[in-house]
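Trainee: Sequence and predicted structure are below.
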Amino acid sequence: MEERAGRVEAQAREDSRTSSKPPSVDPPKSRAQRRAEARAKAKELMRREGERRKQGGQPGHRGAGRELRPSDQMDEIVDHYPEVCGGCGRGFAPEQQRRAVGLVAIREMWEYTEGYCCLGATVNFMGTDPCNLGVRRWWALGAVSLAVLVVGIDGTVLSVALPTLAIRLHASESDLLWFSSSYLLALAAAMLPAGWLGDRYGRKKLMLIALALFGIGSAACAASTSSAEFIASRVLLGFAGASIIVMALSALTVLFGEEERPRAVGVWSAANFLALPIGPVLGGWLLTHVWWGWVFLMNIPVVAFALIAASLLVPASRTSRRRALDWVGLLLSTAGIVEVTYGLIEAGQHGWGNPLAIASIGVGVTMLAGFFAWERRLSAKPVGEPLVDLALFESRSYTWGVILIAVAVLAMMGVLFTMPQYFQGVLGTSAMGSGIRLLPLVGGLVVGAIPADRVAQLLGAKLAVAAGFTLVAVGTALGSSIRIGSGGGSVAAWMALVGAGMGLALATASSAALSELSDEDSGIGSAVLQAVNKTGGPLGIAVLGSILSSGYLADLQLDGLPTAAAKIARQSIFGAVSIAGHLHSQTLLHSARTAFIHGMDQSLLLATGIAAAGALLALLFLPGTIKQSKTERASTPGSGIVTSR
């Protein structure tokens, strides 16, 4: 490097002596100009490497782990790099730069040109430790998983606390609906903005701010004295929770390389699943023994620990390209997701015939269609800065990974929505007992998610996801044969089977989607994945809930009941059980429980069909391996991106 710098300096002195005009000083180049120059240089390098391969030379950009031959072409690119990373301050050695030039894709080369090597764009990114963190990255994953766990617990504990909140806050039925709906709407609205903010200003910074806001929101929930105050606090929790969820998933792309990322996704998935029983069990115990506000205050110690762990262990990261905010795309996407989510919530509560639900879903779908049209228009412009890089959807691995995650969540709602009602309404257990009875499902989820990376290595991503969906289909089919006298062991067995299949399918599909995210787009790419994921929940409740309700009403016998009592019994199994207890009617109680099981069986059969469709879609469209999908993306005509990671 010193010899080359000396030659350049000597040549400059010679030019100044021979030139009759004083040397001109070029104006500083803009970021867009430097990025365009980097793209041109990278394309030229890849073209030369392609010619060298045709002539039998050593392939440079496929030589993972091999030292590359020094060449004049590589020296030109190395000279274009900065000497020090603008993100971490690490110096670049010429040998490392030559090796990196041969291995990175054009997008990673842009990151070098911008003077930023962090976020996995370091020279050893082909390995398993992009950020050179060693064992620390697994501790960082623990901090990220803890942050995800606290959000999950808050989401599940609310259902247990609703009866108490109705009394303490003098909440109406409409207020109770908005206690959960306001959180879901805020969560959906903040997904894509959180991804953009994390990419631009720093993912760790946003996660820490969101954790602090989550703690404040939890304290505000506990201190609420009215329904309006509680709803406002839930909105704050939704905004903060969206940022935590998106940044946690984005961190996996930054912390782990290609080989270890599937295992990390399995751990992250397990943290999500553990919240399912912890919330009802712990919340039920607290409501029974202490003041109701501790149901929300219990988040604060966990948030404090997660803040300390994340600040110490999670590395700072952000995109090297400070992209301008696409206001039109942001407004269209946010409004569209909120409208669709609200419409699905209304459909789940009032049925698919509700005019407001249909109108909201129609408006939301129209807005989302306009969003994609606008993003496509921006992407076609040379200097366009779309909110979402539509090139992501050219990858079958990312596109179908995201779709299959939504299908898995949709199928899982058949169990998560119906079984707590079965445990409490039919078996008569408490909310705490219902959480305990969900443990076989959660145990299966963890058992399926943790080894998902090894199963995917053995079978390939396509077969692993299909196998997971097959287990879900078998389990829900067995569950559809449940009766009032069914034993607890048989119920636990098929729920564990469903959990194992769901854990395998979700973890593998998530890994397939994340494998296509560069560190540059990990925030917004994770936000898209999570937005689709969180929409799948309300959709599943609306679809499977309507099937359950139809089957329940079709079999419910209300002969001889007063009109008011019959109306309450039609609303839900809990209303029917309450009326039966008030009237001391064993006939009504048996009819209500039998009718609910009939509706539940139909709902689980539909979940079986959804899982079978997921298996078929995985076999038809998901690439067999993650590397295969990357090769496809690299060879996509017109993509303008060469991918060799």
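Mentor: Received the coordinates, thanks.
Trainee: Low-confidence stretches in the stretch 451-600 of the chain?
Mentor: Scanning the stretch 451-600 of the chain for pLDDT under 70 picks out 518-521.
Trainee: need the strands for it, in chain order.
Mentor: For the stretch 451-600 of the chain, no strands turn up when DSSP state E, counting those that start in this stretch is the criterion.
Trainee: quick one, helices of it?
Mentor: Assigned by DSSP state H, counting those that start in this stretch, the helices in the stretch 451-600 of the chain fall at 452-459, 461-479, 488-514, 522-555, 563-571, 573-583, 586-621.
Trainee: Helix, strand, or coil at residue 360?
Mentor: At residue 360 the chain is in helix, as set by DSSP: H, G, I helix; E, B strand; the rest coil.
Trainee: How much space separates it from residue 371?
Mentor: Distance from residue 360 to residue 371, counting by CB to CB, to the nearest Å: 16 Å. Quick note: C-beta positions are derived from backbone N, CA and C, even for glycine.
Trainee: Residue 595 reaches residue 555, doesn't it?
Mentor: Yes: at 3.7 Å, residue 595 counts as touching residue 555 under the criterion of CB atoms under 8 Å.
Trainee: ok so, going back, indicate which one of the helices of the stretch 451-600 of the chain is closest to residue 207.
Mentor: The closest of the helices of the stretch 451-600 of the chain to residue 207 is helix 522-555. By CB to CB, the value is 10.7 Å.
Trainee: Go through that closest one and flag the buried ones.
Mentor: By 16 or more other CB atoms under 10 Å, the buried positions in helix 522-555 come out as 522-549, 551-552.
Trainee: Check stretch 581-596 too.
Mentor: Residues of stretch 581-596 classed as buried by neighbour count (16+ other CB under 10 Å): 585, 588-589, 591-596.
Trainee: And stretch 453-462, by the same measure?
Mentor: Residues 453, 455-456, 459-462 are the ones in stretch 453-462 that count as buried (16+ other CB under 10 Å).
Trainee: for these, which one is nearest residue 513?
Mentor: Closest to residue 513 out of the buried residues of stretch 453-462 is residue 461 (10.2 Å), distances taken as CB to CB.
Trainee: ok, the closest one - contacts?
Mentor: 397, 508-509, 511-512, 622-626 (CB atoms under 8 Å, 6 or more residues apart in numbering).
Trainee: What does residue 171 show for phi and psi?
Mentor: When read as degrees, to the nearest 10, the backbone of residue 171 gives phi -90, psi 140.
Trainee: Can you give me the distance of the nearest residue to residue 499 once chain neighbours are set aside to residue 407?
Mentor: Nearest non-adjacent residue to residue 499, counting by CB to CB, 6 or more residues apart in numbering: residue 444, 2.4 Å away. Applying CB to CB, the value for residue 444 to residue 407 is 18 Å.
Trainee: wait, doesn't residue 187 sit right on residue 535?
Mentor: No: Residue 187 is not in contact with residue 535 according to CB under 8 Å; the separation is 10.2 Å.
Trainee: next structured bit after the helix or strand of the chain with the lowest mean pLDDT?
Mentor: Ranked by mean pLDDT, DSSP states H and E, the weakest helix or strand in the chain is helix 106-113, scoring a mean of 39. Tracing the chain past helix 106-113, the next element assigned as helix or strand by DSSP states H and E is helix 136-168.
Trainee: Now do that next one: which elements does it pack against?
Mentor: Applying 3 or more CB pairs under 8 Å, 6 or more residues apart in numbering; DSSP states H and E, we find helix 136-168 packed against helix 173-201, helix 203-223, helix 227-255, helix 261-289, helix 294-297, helix 299-313, helix 431-437.
Trainee: buried residues in the second one?
Mentor: Using 16+ other CB under 10 Å as the test for burial, helix 203-223 gives 203-204, 206-211, 213-222.
Trainee: do the last one as well
Mentor: Along helix 431-437, these residues count as buried under the neighbour rule (16+ other CB under 10 Å): 431-435, 437.
Trainee: and of those residues, the nearest to residue 155?
Mentor: Proximity of these to residue 155 (CB to CB) peaks at residue 435, which lies at 13.3 Å.
Trainee: contacting residues around the closest one?
Mentor: Going by CB under 8 Å, 6+ apart, residue 435 touches 160, 276-281, 284.
Trainee: Ok, residue 448 next?
Mentor: So residue 448 contacts 468, 471, 499-505, 507 (CB under 8 Å, 6+ apart).
Trainee: From the contacts of residue 461, pick the one nearest residue 295.
Mentor: Of all the contacts of residue 461, residue 509 has the smallest distance to residue 295: 32.9 Å, by CB to CB.
Trainee: Closest to the centroid, which residue in the chain?
Mentor: Centroid check for the chain by CA atoms, centre = their mean gives residue 530 as the closest residue, at 3.2 Å.
Trainee: re earlier: what about residue 360 and residue 371, which has more around it?
Mentor: Taking neighbours as other CB atoms under 10 Å, residue 360 and residue 371 compare with residue 371 leading, 25 against 21.
Trainee: Counting by contacts, list what the helix or strand that one falls within packs against.
Mentor: Using DSSP H and E, residue 371 sits in helix 355-380. Counting contacts by 3+ CB pairs under 8 Å, 6+ apart, helix 355-380 packs against helix 327-350.
Trainee: can you do 10 Å?
Mentor: Other elements packing on helix 355-380 under the criterion 3 or more CB pairs under 10 Å, 6 or more residues apart in numbering; DSSP states H and E are helix 327-350, helix 522-555.
Trainee: How far does it sit from its chain's centre?
Mentor: How far helix 355-380 lies from its chain's middle: 21 Å, per CA atoms, centre = their mean, to the nearest Å.
Trainee: do the same with stretch 305-316
Mentor: Its chain's C-alpha centre and that of stretch 305-316 lie 20 Å apart, by CA atoms, centre = their mean.
Trainee: what comes up buried for that stretch?
Mentor: Buried residues in stretch 305-316 (16+ other CB under 10 Å): 306-307, 309-310, 313-315.
Trainee: Nearest to residue 272 among the helices of the stretch 451-600 of the chain would be which one?
Mentor: helix 488-514 (8.6 Å).
Trainee: Can you tell me, leaving aside adjacent residues, what's nearest to residue 399?
Mentor: Distances taken as CB to CB, 6+ apart put residue 393 closest to residue 399, at 4.9 Å, once the chain neighbours are dropped.
Trainee: tell me the SS of the one you found?
Mentor: Per three-state DSSP, residue 393 ends up helix.
Trainee: mind listing what it touches?
Mentor: 372, 399, 402, 516, 528 (CB atoms under 10 Å, 6 or more residues apart in numbering).
Trainee: Which members of the residues you listed are the farthest-apart pair?
Mentor: Taking CB to CB as the measure, the contacts of residue 393 span a maximum distance of 18.1 Å, between 372 and 516.
Trainee: Look at the two and report which has more neighbours.
Mentor: Comparing residue 372 with residue 516 by neighbour count (other CB under 10 Å), the higher total belongs to residue 516, at 26 against 17.
Trainee: Residue 568 against residue 583, yeah?
Mentor: No: counting by CB atoms under 10 Å, residue 568 stays clear of residue 583, with 11.1 Å between them.
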